[in-house]
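**Student:** Based on what follows, work out the 3D shape:
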Amino acid sequence: MAVRPLKPIKKESVRVQVFRQLRDQVLRRTWAPGSKIPSENELSRTMGVSRVSIREGIQHLVSLGILETRHGEGTFVREIGSEIHFNSLIPLMALDETDIFHVLEYRRIIEKGTAALAAERVTDQDLAEMEAVYDRMVRAQDDVAEFARADLEFHLVVAKATGNSVLIKVNNVLRSVLSVSMENIVSTLGMHDGLHYHRLLIEAVKSRNAPEAERLMEEHVVRTIERLRSEAGAPADGARAAEAARRRPGLDERLALHHAFWAREKQPRPLASFRVGDFFFSRHFKAAQALLEPDKPITPEMVDVAAFLPDYERMFLEAEAIGQDGFWTAEPFTGIPWMEAMLGCAVRAGRESFTSRPWLSSPAEALEKVRFDLENPWLKKYLEFTAALVQQSRGRFPVGMPIMRGPTDMIGALLGQQEMVLALMMEDPAVMRRLIERVTRAFLSVLDAQRRLVPDFHGGTALGFYHVWAPGPSIWFQDDLSAILSPKLYREFFLDAARMILAGHRYTAVHLHPASFFIIDELLALKDLKVVEVNKDIGGPSVGEMLPVLSKIMQTRGLILWGDLTIEDLEMVKRNLPCQGLCLNVVAPTLAEAHERRNYIYNWG
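**Tutor:** Next comes the predicted model:
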């Protein structure tokens, strides 16, 4: 357990602060039983207060039987006996790790019933208090001590919602008992479980679902016990702390790595993000599975946003458990072809994904019928997803854009791919440019509408799907159907659309498949483009075969390399590409493989 030094005292409540800091030195065994504590003079200098305040604090602890004064020798720490075990001023269980488990076992038995009763009796005022304490937890993610206090306060508020005075008093005692140990629990296990379960508990209590509240509270406490027991079997404290630091980079480190990535500065290792599972992203959501029937028409009313939220929570916790540098980003369900749907295309389900169908016969008809409409039901569903994800996040993760089709993809979706190519070669160029500009403006209007709902995340934004944070306004786009165009056609018709998308954003990226590598020179000519994201496609060229293009990109731009990047792929990147403006977005089949690849990246040097 890390030693916490004495701290300078704040000006308010000096006597209380002196007492608590002296007490905590004993409870954390910084001052072991039988040891002599520093003199009043030393403590006065260290803590920046008068000797009178120090003497009062010591006398208070002597009166409680924690310290004893020996004439001519000084003040010593006593062995604490059973006579003061239940003094509410002394969180005694912090002294004995075995007793912590006893308290948590007690909580498992009692608090599940407390949560159920709270769900039956909760008032609007109780719910407001729960939300307020939860918001304190969200805001305190950079302060372990404050987070721990808010965590314990949340459980007390749940007890208060029962209206049962005995449960409230017992919870008050438990809060005191755990007040020191809770900091160590949070330091060891992190904050994600607390935020996750407390959010779900609020929703269960709010909906008066007593069985669900009971289940969640028991699961919450049992998971805490299991994780603490697992940690207890880990290496010694110092080794465990060092390993934890390697496994879980802190917030400041993560932000610094992102700053270095965008600035194309030398990095200690590539910026690393992870996604666990296969490439059929629609199947990752239970709520989507009932919709995945071949050729089934899909309408906005069939997409139940609330049913998707549990899987977002699961994915967030999985991503954070890996200990990645990137910030897992929630985005409206990636399986829906959103832009195509908003532009009027019918959406159909398949066995693995959702696709759109062309519906216009010519560019002229498209100009007549395609409009951006704020009342479009698919746009409303997209914004409903966004608002729900912002609410669910409560500052824990950013919200961004999903895979959104770019100009070539939107024109191909409206007219058909072959018909688009023919129109580019044979139709009036002015008509095609007007249509391309219209769909591009629609794309930007959708993102503007979404941004109005999304708060900044640590002062910045995130590239949805790639989980990359940016220190300011960001955007990314794709033009997958550039693969069926010539460089000349792309340059003549679509480069202006790309410029329009990138304008006004400091942090920009384009998504690129190897099949479109032939337009790389056109893309690198875009002065506002900061990063190129390249897919390692299934059945496509290997990382080794892509190295010439990847190296060319990194001469002037940052690179995000995305896909099932194996250890062999990572070795190839390490040997051949500079660790400067480099991000690896790894899709790993299993959590174990994600950890293996993460460990390789974290030992890059």
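**Student:** what about the longest helix in this protein?
**Tutor:** When the chain is parsed with DSSP state H, its longest helix is helix 97-121.
**Student:** Show me what it is packed up against.
**Tutor:** helix 144-161, helix 165-178, helix 192-206, helix 210-232 (3 or more CB pairs under 8 Å, 6 or more residues apart in numbering; DSSP states H and E). Quick note: C-beta positions are derived from backbone N, CA and C, even for glycine.
**Student:** What are the contacting residues of the longest one?
**Tutor:** The reference is to helix 210-232. With CB atoms under 8 Å, 6 or more residues apart in numbering as the test, helix 210-232 has contacts from 97, 100-101, 104-105, 107-108, 111-120, 158, 185, 188-189, 193, 197, 200-201, 204-205, 240.
**Student:** Give the buried residues for it.
**Tutor:** For helix 210-232, burial by neighbour count (16 or more other CB atoms under 10 Å) applies to 210, 212-218, 220-221, 224, 228.
**Student:** how far is it from where the chain is centred?
**Tutor:** 21 Å (CA atoms, centre = their mean, to the nearest Å).
**Student:** That helix versus helix 192-206: what angle between them?
**Tutor:** Between the axes of helix 210-232 and helix 192-206, defined by axes from the mean of the first three to the mean of the last three CA atoms, to 10 degrees, the angle is 170 degrees.
**Student:** What of the second one?
**Tutor:** In terms of direction (the same axes, to 10 degrees), helix 165-178 departs from helix 192-206 by 170 degrees.
**Student:** hey, least reliable of the helices and strands packed on helix 97-121 by pLDDT?
**Tutor:** Ranked by mean pLDDT, those bottom out at helix 165-178, with a mean of 81.
**Student:** after the helix or strand of the chain with the lowest mean pLDDT comes which helix or strand?
**Tutor:** The weakest-scoring helix or strand in the chain, judged by mean pLDDT, DSSP states H and E, is helix 237-247 (a mean of 40). Of the helices and strands lying after helix 237-247 in sequence (DSSP states H and E), the nearest is helix 251-263.
**Student:** can you list contacts of that next one?
**Tutor:** 141-142, 249, 265-268, 271, 325-327, 458, 460, 468-471, 507, 530-531, 558, 581-583.
**Student:** can you map out the strands along the stretch 251-400 of the chain?
**Tutor:** 271-276, 297-298, 346-349, 354-357 (DSSP state E, counting those that start in this stretch).
**Student:** Please identify the deepest-packed of those strands.
**Tutor:** strand 271-276 (a mean of 25; mean count of other CB atoms under 10 Å).
**Student:** List the contacts of residue 591.
**Tutor:** 276, 318, 321-322.
**Student:** JSON lines for the residues you listed, including distance to residue 502 and pLDDT?
**Tutor:** Below are the contacts of residue 591 laid out as JSON lines (distance: CB to CB, whole Å; pLDDT from 0 to 100):
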{"residue": "276", "distance to residue 502": "31", "pLDDT": "84"}
{"residue": "318", "distance to residue 502": "32", "pLDDT": "78"}
{"residue": "321", "distance to residue 502": "35", "pLDDT": "73"}
{"residue": "322", "distance to residue 502": "31", "pLDDT": "80"}
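**Student:** most neighbours, which of the residues you listed?
**Tutor:** residue 322 (23 neighbours; other CB atoms under 10 Å).
**Student:** And it, how far from residue 410?
**Tutor:** Going from residue 322 to residue 410 by CB to CB, to the nearest Å gives 34 Å.
**Student:** what does residue 585 give?
**Tutor:** For residue 585 relative to residue 410 (CB to CB), the value is 24 Å.
**Student:** So for those two, which residue has more residues nearby?
**Tutor:** Comparing residue 585 with residue 410 by other CB under 10 Å, the one with more neighbours is residue 410, at 31 against 25.
**Student:** Which pLDDT value belongs to the closest residue to residue 401 other than its chain neighbours?
**Tutor:** What sits nearest to residue 401 in space, not counting adjacent residues and going by CB to CB, 6 or more residues apart in numbering, is residue 464, at 4.3 Å. If you check residue 464, the pLDDT there is 90.
**Student:** picking that back up, of the contacts of residue 591, closest to residue 448?
**Tutor:** Nearest to residue 448, judged by CB to CB, of the contacts of residue 591 is residue 318 at 31.2 Å.
**Student:** Domains in this structure, by residue range?
**Tutor:** Following automatic domain parsing, the chain resolves into domains at 14-84, 96-243, 251-602.
**Student:** Stretch 490-509: end-to-end distance?
**Tutor:** 18 Å (CA to CA, to the nearest Å).
**Student:** So which bits of it are buried?
**Tutor:** 490, 493-495, 497-498, 500-502, 505-509.
**Student:** and if you look at stretch 593-605?
**Tutor:** Per 16+ other CB under 10 Å, stretch 593-605 contains these buried residues: 593-595, 597-598, 600-602, 604.
**Student:** Show the average pLDDT along that stretch.
**Tutor:** Here the average pLDDT along stretch 593-605 is 89.
**Student:** ok, so what distance separates the residue nearest to residue 373 when sequence neighbours are not counted from residue 448?
**Tutor:** Nearest residue to residue 373 in three dimensions, chain neighbours excluded: residue 379, at 7.2 Å (CB to CB, 6+ apart). Here residue 379 is placed at a distance of 11 Å from residue 448 (CB to CB).
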